[in-house]
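> Here's my sequence, what's the structure:
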Amino acid sequence: MGSASSMLTQYDIEEVQQHCHNLFSQQEIVSLYHRFCQLDRNAKGFISADEFLSVPEFAMNPLSQRLLKMVDGLNFKDFVAFLSAFSSKASMQQKIELIFKVYDSDCNGKVSFNDIMEVLRDLSGSFMSNEQREQVLTQVFKEAGYTRDSYLTLADFIKVFGSSGLNMDVEVPVD
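From the prediction side, this is the model:
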């Protein structure tokens, strides 16, 4: 499994399905495999950062550099597991865990004021000054009962986002 010349067996499909907690149908997994093979231009069995950047929607995303750290070198199973957070069947916790990983760029299990400032900088670009971002974030932290020195854990993210009605669903086109 993984090189563009190979085909998925029923066993491979079921294994990937299990790996992604059955969030994709077998048909969706086959479609994802075809897309994976298109991206894996050299048929190495994994997708490099440059290959991910060949997807215009990915390259244009203001968080693409953060996401690249998460996806560079993924094999097919891990590619599907990464995408599973975007499934309509994914739980709110699975979606929040992905968002937390985007913010926790140093992978220390905590998100600091500065981590969030970096994401805000990526998202707002030149539309906001650093002072404006700092003011907004300081106010948000204050309203949520945190200080600039606070570190947010995954549990904090779940508490904050858990009842937000967060929608990150992406449809997988089935051939």
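> what about the spatially most central residue of the chain, which SS state?
The residue lying closest to the centre of the chain (C-alpha atoms, centre = their mean) is L98, at 5.1 Å. Secondary structure, DSSP: H, G, I helix; E, B strand; the rest coil: L98 is helix.
> What about the residue lying closest to it once chain neighbours are set aside, how many residues nearby?
Nearest non-adjacent residue to L98, counting by C-beta to C-beta, 6 or more residues apart in numbering: A85, 4.0 Å away. To be clear about C-beta, it is placed using only N, CA and C from the backbone, and glycine gets the same treatment. The burial count assigned to A85 is 21, neighbours taken as other C-beta atoms under 10 Å.
> cool, and V30?
Counted with other C-beta under 10 Å, V30 comes out at 19.
> okay, it: pLDDT?
V30 is assigned a predicted lDDT (pLDDT) of 95.
> pretty sure it is touching L8, no?
Yes - here V30 reaches L8: they are 6.3 Å apart, a contact under C-beta atoms under 8 Å.
> which non-adjacent residue is nearest S54?
Per C-beta to C-beta, 6+ apart, closest to S54 is L39, 6.8 Å.
> Might you report the residue contacts of that neighbour?
I47, E51, F52, S54, V55 (C-beta atoms under 8 Å, 6 or more residues apart in numbering).
> got it, and E97?
So E97 contacts A85, L154 (C-beta under 8 Å, 6+ apart).
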